[in-house]
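> give the three-dimensional model of this entry:
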Amino acid sequence: MSEAHTLQRISAYVIDILIITFITVILTSWIPKSEAYKNAVEKQNNLMEDLNKEDINQSDYIDELYETRYIIEKENIIETSIIVVINLGYFVGFAFYNKGQSLGKKLMHIRVVSNNGKDVSYLQLFGRTMIIHGCFTSIISIIFLLFIKSNQYIYTVGLIGIIQSIITIIAIVMMIVRKDKRGLHDLICNTKVIE
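The predicted structure is shown next:
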């Protein structure tokens, strides 16, 4: 029972993301786009053109963009919620019933186990998914979208995105440099990935 190589883990992750993306596109493509969404996307494109032509200054562009992005995010709240559910269903439910293996991990011949080598628990998979797959940050973004104003939302979500990126980078670096190949999410959830 040896630790999975970093390349195996990254390959499994890429495969899983492709699968999740495919499932997400299929399940969200039926959702009609509202007129508010279409108008906001058009306004966003026009703002970019105006900035490029120097018809507006950077400050005005940013002010307008905050409100436009807020509308787009608010109109996409159902899709974002579906994405969170798909991630949890795939990386928690599917993996739990397949003894710690997603399809990507199965193809790479690796699986998640508890640090003591026993089968991974549902709660451990849930924690890993919330941390490494951005579900926690997506849920926080949805909550903030419902309760705070547009400019505050954009700043907050930007900060949350930076934090998620840092967590992901730290996890990858840890998997590369640590002898046991455990990432931050593994340490927090008391798991490891084995061949």
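> how about the helix or strand hosting residue 188 as CSV, C-alpha atoms only?
In this assignment (DSSP states H and E), residue 188 forms part of helix 184-189. What follows is helix 184-189, C-alpha atoms only, in CSV (Å, rounded to 0.1, in the frame of the first residue of the first chain):
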residue,chain,number,x,y,z
LEU,A,184,-3.3,20.3,2.8
HIS,A,185,-6.8,18.7,2.3
ASP,A,186,-5.3,15.3,3.2
LEU,A,187,-3.8,16.6,6.4
ILE,A,188,-6.9,18.4,7.5
CYS,A,189,-9.2,15.4,6.7
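> please list the outside residues in contact with it.
Helix 184-189 is contacted from outside by 115, 124, 127-128, 131-132, 167, 170-171, 174, 191-193, using CB atoms under 8 Å, 6 or more residues apart in numbering. The C-beta positions use only the backbone N, C-alpha and C, and glycine is treated the same way.
> now flag whichever of those is closest to residue 142.
The nearest member of the contacts of helix 184-189 to residue 142, counting by CB to CB, is residue 131 at 17.2 Å.
> and the helix or strand bottoming out on mean pLDDT in the chain, which residues are buried?
Every helix and strand of the chain was ranked by mean pLDDT, DSSP states H and E. The lowest is helix 58-75, at a mean of 85. In terms of neighbour count (16 or more other CB atoms under 10 Å), helix 58-75 has its buried residues at 61, 64-66, 68-75.
> out of those, which comes closest to residue 180?
Distances from residue 180 to these, taken by CB to CB, are shortest for residue 73, at 38.7 Å.
> got a list of what the closest one touches?
By CB under 8 Å, 6+ apart, the contact list for residue 73 reads 80, 141, 145, 153, 157.
> now do the one helix or strand the first one maps to, average pLDDT.
Secondary structure assignment for residue 80, by DSSP H and E: helix 77-88. Average pLDDT, helix 77-88: 93.
> helices and strands around it, which ones?
helix 6-28, helix 122-132, helix 135-147 (3 or more CB pairs under 8 Å, 6 or more residues apart in numbering; DSSP states H and E).
> and the angle from that helix to helix 6-28?
When axes from the mean of the first three to the mean of the last three CA atoms, to 10 degrees is applied, the directions of helix 77-88 and helix 6-28 differ by 140 degrees.
> so how far is the helix holding residue 188 off the chain centroid?
Chain-centre distance of helix 184-189: 17 Å, with CA atoms, centre = their mean, to the nearest Å.
> for that helix, which positions count as buried?
Buried, per 16+ other CB under 10 Å, within helix 184-189: 184-186, 188-189.
> how would you label residue 100: helix, strand or coil?
Following DSSP: H, G, I helix; E, B strand; the rest coil, we place residue 100 in the coil state.
> how close does it get to residue 109?
Distance of residue 100 to residue 109, computed by CB to CB, to the nearest Å: 12 Å.
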